[in-house]
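> below is the sequence, then the predicted model.
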Amino acid sequence: MKIAIIGTGNLGSSIAKGLIKNKSFTSLYLSDKNTAAVSVFSDEDYVTVTHDNELAVKESDILIFALQPRHIDKVLQSVSSSITSYHVVMSVAAGFEISRIESILGKDKNIIRIMPNTAISIGKSMTCLSANNQGQSKIELAKKIFNQLGTTMVIPEEQIQAATVICASGIAFWMRLVRATTQGAIQLGFEAEEAHQLALQTCYGAASLLKESGRHPEAEIDRVTTPSGCTIEGLNEMEHQGLSSSLIKGITASFEKINQIKKS
Ligand SMILES: NC(=O)C1=CN([C@@H]2O[C@H](COP(=O)(O)OP(=O)(O)OC[C@H]3O[C@@H](n4cnc5c(N)ncnc54)[C@H](OP(=O)(O)O)[C@@H]3O)[C@@H](O)[C@H]2O)C=CC1
Ligand SMILES: O=C(O)[C@@H]1CCC=N1
């Protein structure tokens, strides 16, 4: 597994962290205009930090392009002559379709859109994958890589935009809910640090309960809501104020925005 990450900003450096933690490569090239976020990894075994995208491509088999949508065209064009049909080309760019990558590199290249989230740095990503025709035979390899860094789901490309909102942006949505809970706890008299710890462990417990029990959220909610108790009082007030509705509206606004990025 000779892997290169081209673009080592927020997401690229998170993928690098996860891979290095897991030691799941034979060599890892980390290439960026500005390598500040990954210079700390330059002393790691088999890791090369470079400004030379072309070198990273030539020395690797699996190429992960973690660039912003406005940069990826130019970078793909600049290295296209070095990309062969042996490479597996992966892109995380939101809204940047496989057909656009094929138009630069050719349909004969193995191309996989991957949509992880920043929890990949700690091996807890939800990563969605979708390959072009040529890349179908490489999807198991991609699953193998990203299953070590969390969980994977192979989906049709038409659903990648929705998966971006739910899983990649979703990390930010959940973080905001944790922050709001923390603010509530401070209002009830806890110190900020205590409030954060209470909110975080409760959120972790809720996610773990659902994951481990396999039960529906409402089934778990029923176990908490004592009749005439404080939980149902709080939940009902939250719904009167539009909690579920605002989450759904936020998700659909995010989806509309990603579809605009796709067209630009
Ligand atoms: N952040 C996230 O949680 C997620 C992001 N994504 C997608 O991942 C992509 C990257 O996002 P993110 O990591 O947040 O963005 P960042 O801007 O943090 O990272 C992109 C990196 O690419 C570098 N870069 C720009 N031009 C070049 C070049 N010519 N050669 C090499 N490197 C270059 C940038 O350098 P410089 O800053 O100097 O321009 C920057 O370090 C986006 O397409 C986004 O849609 C998808 C899922 C989640
Ligand atoms: O906000 C964005 O556009 C990117 C895609 C998902 C997470 N970050």
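Sure thing, it's come through. Residues are numbered from 1 along each chain as shown. Ligands and ions are numbered 1, 2, ... in the order given.

> can you get me a residue count around the closest residue to ligand 2 within the stretch 1-150 of the chain?
Nearest residue of the stretch 1-150 of the chain to ligand 2, counting by C-beta to the nearest ligand atom: A94, 3.9 Å away. Quick note: C-beta positions are derived from backbone N, CA and C, even for glycine. With neighbours defined by other C-beta atoms under 10 Å, the count for A94 comes to 20.

> what's the answer for the one 5 residues further on, then?
Close neighbours of S99, defined as other C-beta under 10 Å, add up to 11.

> element containing the residue of the stretch 1-150 of the chain closest to ligand 2, please.
Counting by DSSP states H and E, no helix or strand carries A94.

> next, the contact list for it, please.
Remark: with contacts taken as C-beta atoms under 8 Å, 6 or more residues apart in numbering, A94 is in contact with 69, 115, 161, 164, 168, 258, 261.

> which pLDDT does the model give the third one?
Q161 is assigned a predicted lDDT (pLDDT) of 96.

> mind telling me what element it is part of?
Using DSSP H and E, the element containing Q161 is helix 160-163.

> distance from the chain centre to that helix, please.
Distance of helix 160-163 from the chain centroid (C-alpha atoms, centre = their mean, to the nearest Å) equals 11 Å.

> can you give me the buried ones in the next helix or strand after that helix?
Sequence-wise, the next helix or strand downstream of helix 160-163 (DSSP H and E) is helix 170-187. Using 16 or more other C-beta atoms under 10 Å as the test for burial, helix 170-187 gives 170, 181-182, 185.

> closest one of the residues you listed to ligand 1?
Nearest to ligand 1 among those, with distances taken as C-beta to the nearest ligand atom, is G170, at 9.6 Å.

> wait, that closest one touches N117, no?
Yes: using C-beta atoms under 8 Å, G170 is in contact with N117, at 6.9 Å.

> common neighbours of these two, please.
The contact sets of G170 and N117 overlap at M126 (C-beta under 8 Å, 6+ apart).

> the residue of the stretch 151-264 of the chain found nearest ligand 1: what's it in contact with?
Relative to ligand 1, the nearest point of the stretch 151-264 of the chain is A168 (3.5 Å; C-beta to the nearest ligand atom). By C-beta under 8 Å, 6+ apart, the residues touching A168 are 94, 115-117.

> spell out which residues of the protein are next to ligand 1.
Within reach of ligand 1 by C-beta under 6 Å from any ligand atom, the chain has these residues: 6-12, 31-34, 53, 66-69, 71, 75, 92-94, 115, 117-118, 168.

> can you redo the buried residues of helix 170-187 as JSON lines with pLDDT?
Output for the buried residues of helix 170-187, formatted as JSON lines (pLDDT from 0 to 100):
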{"residue": "G170", "pLDDT": "98"}
{"residue": "T181", "pLDDT": "98"}
{"residue": "T182", "pLDDT": "98"}
{"residue": "A185", "pLDDT": "98"}
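
> reformat these as TSV; add distance to G214.
TSV is the format used below for the buried residues of helix 170-187 (distance: C-beta to C-beta, whole Å):
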residue	distance to G214
G170	20
T181	25
T182	29
A185	29
